[in-house]
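1. Sequence first, then the predicted structure:
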Amino acid sequence: MAKWNMATRKSDTDVAESIIDRAKKRLRLSTPTRAGDDYYLPGLKQFGDAYDRYHLQTDGKGDWGCSCYSHYGGEFRQEKVCSHSEAVALHFNLPCQRTLPLKEKPEQRESEEKEPELLAPEQPTPDHPCDILDIPPQYTEWRPYQRETVEWLVRRLKNGNKFNVLEAPTGSGKSLDAIAAVKLTGLKAIYIVSTRQLQQQLANDFPGTIIIWGREHYPCPRFPGTDLTAADCTHRKHAPCPKIGQCPYKQQKRKALTANLVITNYSFALHEMNYVGGLSGRLQVDDEGDLVEGEIMKFMSLILTQRQLERCEIEPPKFKTKLDAWLEWVRPTLEKVGRQNNE
């Protein structure tokens with residue numbers, strides 16, 4: 001299949017109506033800014049934007065450079081004009097006939113990779129941790145460097161930095177650092193730990209928080225005195241459970257959805273955010289971040305017994321060290337196992 005040749009793009013072509021409509025929709029949701037010869041437009045998730053901000057420049061005659069083309073190398077972009085450049089052109093009443101990859105100067109790119117300037121918090125950090133909303137009274141003093149750490153986290157979060165890594169020794173107060181920063185920013189957050197024991201420990205240390213774990217840890221109110229749990233629930237719209245209003249899992253889930261800070265474990269969080277989505281979109285605090293990879297691997301693992309392999313006539317992929325080979329192997333394998341389970 002022929003690739004789009006950037007060199008053949010002509011600037012005397014009318015902009016497609018769909019691009020203009022998309023640009024106008026962008027302007028209803030965001031406002032471009034200008035700094036000298038540089039223009040910036042916020043990215044919008046609902047438009048499929050992969051970046052939080054796009055950098056644009058123009059020659060003033062209709063040719064634009066946009067960082068969205070630079071990100072994709074120009075090979076996958078079939079439009080002669082991107083909606084980013086059209087939106088900026090409409091806002092500043094400038095011509096727009098063609099978009100090309102943005103040619104940034106080396107010094108500009110280097111400056112963009114530097115740590116953004118960290119502005120001072122809008123409000124000073126209290127002298128005592130317990131003066132922060134919902135921080136228990138026993139936290140009367142900051143440990144060494146703890147206050148500075150909280151201020152660093154608050155600045156990073158307010159500056160829009162999505163990924164922040166805090167590494168500190170055991171016992172230095174990382175949990176208080178994270179929770180204090182969450183409270184000072186006012187963001188809704190989900191605090192994820194590896195075990196239920198750690199959940200309970202955090203809940204004891206910070207009584208105002210909500211903890212939630214998997215359905216199997218909540219007894220079924222319909223059949224008290226049995227081993228049945230919320231994981232065994234058969235409640236459906238067409239067959240409602242008469243005790244659904246008394247279900248401890250449902251009650252705790254409602255509290256979690258409205259709480260500003262929820263403490264849970266990786267197993268529950270991964271299932272909830274990937275299949276349910278109720279706790280998605282929050283600031284996510286991953287405790288013991290070095291365990292995250294292993295938790296994701298456990299969540300994504302496919303376990304087959306020797307009996308299943310034999311009954312379904314499943315052979316391992318030919319190239320066991322190649323990821324593509326395993327990806328091609330997974331789908332037909334799941335289909336075979338599914339058919340076998342339904343028989």
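-> Right, received. Where do you want to start?

2. so where's the protein shaky on pLDDT?
-> The model of the chain has pLDDT under 70 over residues 1-14, 69-79, 103-123, 343.

3. which residues in it form helices?
-> Taking DSSP state H as the test, the helices found in the chain are 17-29, 67-72, 83-92, 106-112, 146-158, 174-185, 196-205, 248-258, 266-271, 292-300, 306-311, 323-342.

4. What residues of the first one count as buried?
-> What that stands for is helix 17-29. Within helix 17-29, the residues scored as buried using 16 or more other CB atoms under 10 Å are 19-20, 22-23, 26. Any C-beta I mention is one placed from the backbone N, CA and C, and that applies to glycine too.

5. The last one too?
-> For helix 323-342, burial by neighbour count (16+ other CB under 10 Å) applies to 329, 333, 336-337.

6. So which of those residues is the closest to L279?
-> Of all these, L279 sits closest to V337, with 29.7 Å by CB to CB.

7. How is the protein partitioned into domains?
-> Per automatic domain parsing, the domain ranges recorded for the chain read 6-112, 129-300, 306-342.

8. contact partners of stretch 233-243?
-> 215, 220-222, 244, 247, 249 (CB atoms under 8 Å, 6 or more residues apart in numbering).

9. Just flag the most distant two among these.
-> The widest separation within the contacts of stretch 233-243 (CB to CB) is 13.9 Å, between R215 and R222.

10. For D324, see how far away the residue nearest the centre of the chain is.
-> The chain has G281 as the residue nearest its centroid, 6.4 Å off, counting by CA atoms, centre = their mean. Noted for G281: a distance of 32 Å to D324, by CB to CB, to the nearest Å.

11. got it, and E151?
-> For E151, the distance to D324 - CB to CB - is 46 Å.

12. and if you look at S30?
-> 38 Å.

13. go on, P332?
-> 14 Å.

14. and if you look at K24?
-> 42 Å.

15. out of the contacts of stretch 233-243, which are inside strands?
-> Assigned to strands by DSSP state E, none of those qualify.

16. Output the helices of the chain as TSV; include the columns distance to H238.
-> Putting these into TSV (distance: least, CB to CB, whole Å) gives the following:
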stretch	distance to H238
helix 17-29	39
helix 67-72	47
helix 83-92	44
helix 106-112	55
helix 146-158	44
helix 174-185	41
helix 196-205	34
helix 248-258	18
helix 266-271	24
helix 292-300	30
helix 306-311	32
helix 323-342	22
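
17. With D37 as the reference, name the closest of those helices.
-> helix 106-112 (10.7 Å).

18. Just list the residues touching Q340, thanks.
-> 308, 311-312.

19. ok so, going back, now list the buried members of the contacts of stretch 233-243.
-> 215, 220-222, 247, 249.

20. Need these in JSON lines (columns: distance to D59).
-> Formatted as JSON lines, the buried ones among the contacts of stretch 233-243 follow (distance: CB to CB, whole Å):
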{"residue": "R215", "distance to D59": "60"}
{"residue": "C220", "distance to D59": "69"}
{"residue": "P221", "distance to D59": "70"}
{"residue": "R222", "distance to D59": "71"}
{"residue": "C247", "distance to D59": "64"}
{"residue": "Y249", "distance to D59": "61"}
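
21. For G214, grab the count of nearby residues.
-> 17 (other CB atoms under 10 Å).

22. how about it, what does it touch?
-> Here G214 is in contact with 231, 265, 267-268, 271 (CB under 8 Å, 6+ apart).

23. which of the residues you listed lies closest to Y191?
-> N265 (10.1 Å).
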